[in-house]
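Enquirer: my questions concern the predicted model and sequence given below.
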Amino acid sequence: MSLKICLAKKVLLFYAVLAPFIMIGSLYNLIDGVILQKNPTYRIGLFSLFGFVIMPLLLIVTYIKNKCEITGDRVRISKIDYLFSDYHFSIREKELAFKDRPLTSLLKKKYQVLVIQSKNTHEIVLEKDLDVFQKDIENIRNALPK
């Protein structure tokens, strides 16, 4: 069984909703305000002038850094392989205070974290927040070894 999933689906959706508005606004600000100088009041900044480049780049980098593939013998997160024979995998739940909760799910109290622990040294190698939907968490649990 092979499962390919992005571990930050909610963040990608959040960025995808914001991206068109920031991109259009930054293009308007760059063309109308800076190049044509029709609009005397404009802000000069990274997102106000180059948001049409930064937002798609942010979406791509977020996807690449959170791409996960679970196969029969390993888990690959980004470009790093974690073999089932060398690592122990678990999904843990943690509670966060309201001020620490991510913007994508403010009302949720409990959050899941993928924990990868070395079998030899029992050292935690990776703790990755799972910003995915509940169905995806169940799919990940089923794909990981028991």
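Expert: Perfect, thanks for sending it. Numbering: from 1, shown residues only.
Enquirer: what's in contact with the least confident helix or strand in the chain by mean pLDDT?
Expert: Lowest on mean pLDDT, DSSP states H and E among the helices and strands of the chain sits helix 46-65, with a mean of 86. Residues from elsewhere that reach helix 46-65, judged by Cβ atoms under 8 Å, 6 or more residues apart in numbering: 6, 8, 11-12, 15-16, 18-19, 22-27, 29-30, 34, 42, 78. For every residue, glycine as well, the C-beta is placed using N, CA and C.
Enquirer: contacts only, for the spatially most central residue of the chain.
Expert: For the chain, the residue whose C-alpha lies nearest the mean C-alpha position (Cα atoms, centre = their mean) is A8; its distance is 3.2 Å. Residues counted as contacts of A8 (Cβ under 8 Å, 6+ apart) are T62, Y63, K65, N66, D129, D131, V132.
Enquirer: any idea of the pLDDT on the residue lying farthest from the centre of the chain?
Expert: Computed with Cα atoms, centre = their mean, the residue of the chain farthest from its C-alpha average is K38, at 38.2 Å. At K38, the model reports a pLDDT of 77.
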